[in-house]
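Undergrad: I'll drop the sequence and a predicted model, then ask my questions.
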Amino acid sequence: MTDSKSSKDAAPKTGGWRVWVSWSLIIVFTANVLAALFMPPRDKTFAVSEFAKIPLVFEGRVQPMDSLARNSLIQIRTITQVPLEGNGANGAWGPWEELEAKGGALTERRWYQFSKRPKKLKPTDWLMEVMLNPLKADERYIFVINHPDLRGMLKLQGGVEKSGLHFYRFNDLRDKLENLRPEVMRVQALKAPERSPYDNAVLQLHQSWILYMRLKNTMQPEDATDFAKELDQYLTLAKDVRGALQAAQARGEQLSEEKVDEMIAPIQRIAGRYNAMDRMDPPLVIPPQKHGDHQHDWQRTGAALLEAPQSGLPETIRQYAALAGAYRAGDFAKFNSVLGEYRGSLQSLGLAKELKKGSSEEFFNRMLAFKRSMYFYLMAFLLILLYWANAKSIWRVTAVRLIFIGFIVHTAGLIFRMWLEGRPPVTNLYSSAIFIGWGAIVLGLVLERFYRDGIGAVVAAAVGFLSLIVAHNLSLSGDTMIMMRAVLDTNIWLATHVVVITLGYASTFIAGFLAIVFIARGLFTRSLTEAMSKGLARMVYAIVCFSTLFSFVGTVLGGIWADQSWGRFWGWDPKENGALIIVLWNVLILHSRWGGLVKERGLMNLAIAGNIVTAWSWFGTNMLGIGLHSYGFMDSGFWWLMAFMGSQLLLIGLGLIPLRYWRSFRSTVPPGGDAPTAPGRETQLKPA
């Protein structure tokens, strides 16, 4: 650790090109954030940005079309963009075919291939196509089928291979479902931990297919070619049949059952399609038709169509039909006009709050606060490594500034998300990862404020980046703002127990990553001085004290919540046991240090073991499939968790290597010994 005079290098003294690089990095990263905030996309034809803000109800909550599009694409395709390549005349192959028709040489074709990147549909563009022109959407390569056995079982050919992922069209799979159905029934009968990778691939394809069908039948029947004309025919036919029945009744004429069935048969055929739409359980896009109704009064299009002959056709459905007609015809002027009328209709129905939420959430999605924060943290991490390599303080100062700006963006995203949900910061696993990263940044910046040597900054950047990576992977399961379970629908406990215990998680990880820095610098570099080793030990000790307090208080608060919700304070649930183990492990670390059982190196190894304990309590207990706190088994998450635990065990093993093999102490440890003996080094590292 540097002394107070040399460590307080608030302003770098190095000039020249390094200053230019430093400020260029800060300006470029900040400009990227500001552009997202103040430069919204401009629509050249169809008002896609306005369509993205339209509110609807799906999975129990009001959300904009943009959120539905992003979450659906993540579940179906795993990424939020749909390339137009590989779609015949509609895609990137068209110009190549034109070159060949004109006698173009192969070299020209290759040049065109590598000089022109294929265009991509953004989420809302894709959703508009799915809802308003499903036949065209069926030609997009969106279904991911990577398991070779599943491709073989379905006898799939063609498709598009991109970076090891295999994509197929709806039309490629349409006739293969008969082969898939028995497999789906078999897999659904298995418990989650019993499913093989093949079984998970079968279930994933089935769920993606169902979701796609729900989206296709949201605004109109998927096979509708002129929905506006079909509506008129449906209502006219229903009116005529009702008039004929009323006339016969007025004349006192008794119609036979066969005659009545013959009269209503055409209506029943049409109604059967609408009933099939409703049974698919698509998003609710028909708003309440009376001013002051609640979100529970939103309807599906199919249900509203079935009720239309008796209660009348909602104007919303006619507007959707007009949107579909204009979209297919490429008439963006009419499309934009009808879209404006629809937004006006929502306003007149008293849905201003829903419109505002749709606009706000679309802005939140476009801001990508957490993704942009990752870039700041990653660059800061690299700059700290550069600072340690050449000791130029400007890189450390630049890294701290980048972390601070990233932290502001991270905080803004966290607060915005809380406002959208109307909840405290932690409501599910995804939000816990976001909050753990946020807490780690706070603790890391505090450490860096007192020990200006890059250690606090590098730990903050590393934990912040990794926690946001975890959050990103958790978001692949779909909507991250899901409705709360009834037992969790208590803001006061979410704001106390969950927040406090999550801060305990974050601080335990910080202690563990500080220990990793200790071992990495001592084993592989010559930079771990006596002052630095003692300073790191003080940091870890202080953080573990903080973690012990918050973990203990959070666990007690959780017991009180459990007593109120389930009538018992403690039930030896796996999640409860995991929280208790964190408390006990931190207490073990403190007592081991107090009692002199471990020195600096032993303290670090115990802190790294704390990473394993915390990761298991955070994720592992959720994957067991048992207990009141189980959120479901995640096959991919399980293997990532095992990989993380394995890496921590490896680091502990490295930490147990005798000191004579550590680069920082190789010259101070006598042959066959394990303790430094050179003057001034007696108090440095002792055996664990």
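TA: Nice, thanks for sending it over.

Undergrad: Domain ranges for the protein, per the record?
TA: Structural domains annotated on the chain: 85-118, 367-483, 501-688, as defined by automatic domain parsing.

Undergrad: Tell me where the stretch 151-300 of the chain has helices.
TA: With helices called from DSSP state H, counting those that start in this stretch, the stretch 151-300 of the chain shows them at 170-173, 177-188, 197-216, 227-250, 257-279.

Undergrad: so what's Arg328 closest to, chain neighbours aside?
TA: Excluding its sequence neighbours, the residue lying closest to Arg328 (C-beta to C-beta, 6 or more residues apart in numbering) is Asn133, at 5.3 Å. (Glycine included, C-beta is placed from N, CA and C.)

Undergrad: what's near enough to touch that neighbour?
TA: With contacts defined as C-beta atoms under 8 Å, 6 or more residues apart in numbering, the neighbours of Asn133 are Ala324, Tyr327, Arg328.

Undergrad: Turn these into TSV, including secondary structure and neighbour count.
TA: What follows is those, written out as TSV (DSSP: H, G, I helix; E, B strand; the rest coil; neighbours: other C-beta atoms under 10 Å):
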residue	secondary structure	neighbour count
Ala324	helix	24
Tyr327	helix	21
Arg328	helix	16
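
Undergrad: Using a markdown table, please lay out these together with distance to Arg174 and pLDDT.
TA: A markdown table is the format used below for these (distance: C-beta to C-beta, whole Å; pLDDT from 0 to 100):
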| residue | distance to Arg174 | pLDDT |
| --- | --- | --- |
| Ala324 | 21 | 95 |
| Tyr327 | 23 | 95 |
| Arg328 | 21 | 93 |
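
Undergrad: mind giving me a markdown table with those and columns for distance to Ala412?
TA: As requested, these are arranged in a markdown table below (distance: C-beta to C-beta, whole Å):
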| residue | distance to Ala412 |
| --- | --- |
| Ala324 | 38 |
| Tyr327 | 35 |
| Arg328 | 40 |
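
Undergrad: closest to Thr30 among those?
TA: Here the nearest of those to Thr30, counting by C-beta to C-beta, is Tyr327; it sits at 38.1 Å.

Undergrad: Surely that closest one touches Ala333?
TA: No: counting by C-beta atoms under 8 Å, Ala333 is not a contact partner of Tyr327; they are 12.0 Å apart.

Undergrad: now for the helix or strand harbouring Ala643, which elements pack on it?
TA: Using DSSP states H and E, Ala643 sits within helix 635-655. Judged by 3 or more C-beta pairs under 8 Å, 6 or more residues apart in numbering; DSSP states H and E, the packing partners of helix 635-655 are helix 455-474, helix 499-524, helix 600-618.

Undergrad: and for Tyr327 and Ala333, which residues touch both?
TA: If you check Tyr327 and Ala333 against C-beta under 8 Å, 6+ apart, no residue is contacted by both.

Undergrad: mind showing which ranges of the stretch 501-650 of the chain have poor pLDDT?
TA: 625-636 (pLDDT under 70).

Undergrad: no wait, the chain
TA: 1-15, 85-118, 163, 255-257, 259-262, 291-296, 483-491, 625-636, 667-688.

Undergrad: Taking the centroid of it, which residue is nearest it?
TA: The centroid of the chain falls nearest to Ser475 when counting by C-alpha atoms, centre = their mean (2.2 Å).

Undergrad: Test my guess that that one contacts Asn428.
TA: No: using C-beta under 8 Å, Ser475 is not in contact with Asn428; the gap is 10.5 Å.

Undergrad: what's around the residue nearest to Ile455 when sequence neighbours are not counted, how many residues?
TA: Spatial nearest neighbour of Ile455, excluding adjacent residues (C-beta to C-beta, 6+ apart): Val517 at 5.7 Å. Number of residues near Val517 (other C-beta atoms under 10 Å) recorded here: 21.

Undergrad: Looks like Val517 contacts Ala460 (just checking).
TA: No: taking contacts as C-beta under 8 Å, Val517 lies outside contact range of Ala460: 11.4 Å.

Undergrad: For Phe513, see how far away Phe546 is.
TA: 14 Å (C-beta to C-beta, to the nearest Å).

Undergrad: Who has more neighbours out of those two?
TA: Between Phe546 and Phe513, counted using other C-beta under 10 Å, Phe513 has the larger neighbour count: 24 against 19.

Undergrad: residues contacting the more buried one?
TA: Phe513 makes contacts with Val459, Ala462, Val463, Asn611, as judged by C-beta under 8 Å, 6+ apart.

Undergrad: quick revisit: out of the contacts of Asn133, which one sits closest to His591?
TA: Distance to His591, by C-beta to C-beta, is smallest for Tyr327 among those, at 68.5 Å.

Undergrad: got a list of what that closest one touches?
TA: Phe46, Met128, Leu132, Asn133, Phe335.

Undergrad: and the gap between it and Asn217?
TA: Taking C-beta to C-beta, one finds Tyr327 at 16 Å from Asn217.

Undergrad: The helices and strands packed on helix 635-655: which one's closest to Arg663?
TA: helix 499-524 (6.1 Å).

Undergrad: Return the set of buried residues in the closest one.
TA: 499-519, 521-523 (16 or more other C-beta atoms under 10 Å).

Undergrad: what's the answer for stretch 645-662, then?
TA: Within stretch 645-662, the residues scored as buried using 16+ other C-beta under 10 Å are Met645, Gln648, Leu651, Ile652, Leu654, Gly655, Leu659, Arg660, Trp662.

Undergrad: number of nearby residues for Gln188?
TA: Counted with other C-beta under 10 Å, Gln188 comes out at 12.

Undergrad: I figured it was touching Leu203, is that so?
TA: Yes: if you go by C-beta under 8 Å, Gln188 and Leu203 touch, sitting 7.3 Å apart.

Undergrad: how about the nearest residue to Asp493, chain neighbours excluded?
TA: Actually, residue 493 is Trp rather than Asp. Looking at Trp493 with C-beta to C-beta, 6+ apart, the closest residue is Trp561, at 4.5 Å.

Undergrad: Let me know the distance separating the one you found from Thr614.
TA: 20 Å.

Undergrad: Those two - which one has more neighbours?
TA: The residue with more neighbours, out of Trp561 and Thr614, is Thr614; 27 against 20, by other C-beta under 10 Å.

Undergrad: quick one: contacts for the nearest residue to the more buried one once chain neighbours are set aside?
TA: Closest residue to Thr614 apart from its sequence neighbours, by C-beta to C-beta, 6+ apart: Thr508 at 4.6 Å. For Thr508, the contacting residues are Ile543, Val544, Ser547, Ser551, Ile582, Asn586, Gly610, Asn611, Val613, Thr614, by C-beta under 8 Å, 6+ apart.

Undergrad: which of these are buried?
TA: Listed as buried from the contacts of Thr508 are Ile543, Val544, Ser547, Ser551, Ile582, Asn586, Gly610, Asn611, Val613, Thr614; burial here means 16+ other C-beta under 10 Å.

Undergrad: And these, which is closest to Asp223?
TA: Minimum distance to Asp223 across the buried ones among the contacts of Thr508 is 52.7 Å, recorded for Thr614 (C-beta to C-beta).

Undergrad: picking up where we left off before, if we go by neighbour counts, what in the strand or helix carrying the residue nearest to Trp493 is buried?
TA: Using DSSP H and E, Trp561 falls within helix 530-566. The neighbour-count check on helix 530-566 (16+ other C-beta under 10 Å) flags 530, 532-533, 535-537, 539-544, 546-559, 561-562 as buried.

Undergrad: Check which helices and strands it is in contact with.
TA: Helix 530-566 is packed against helix 429-450, helix 455-474, helix 499-524, helix 574-594, helix 600-618, with contacts defined by 3+ C-beta pairs under 8 Å, 6+ apart.

Undergrad: give me that answer again for 6 Å
TA: helix 499-524, helix 574-594, helix 600-618 (3 or more C-beta pairs under 6 Å, 6 or more residues apart in numbering; DSSP states H and E).

Undergrad: That helix to helix 574-594, inter-axis angle?
TA: 150 degrees (axes from the mean of the first three to the mean of the last three C-alpha atoms, to 10 degrees).

Undergrad: and helix 530-566, how far from the chain's centre?
TA: Distance of helix 530-566 from its chain centroid, counting by C-alpha atoms, centre = their mean, to the nearest Å, is 28 Å.
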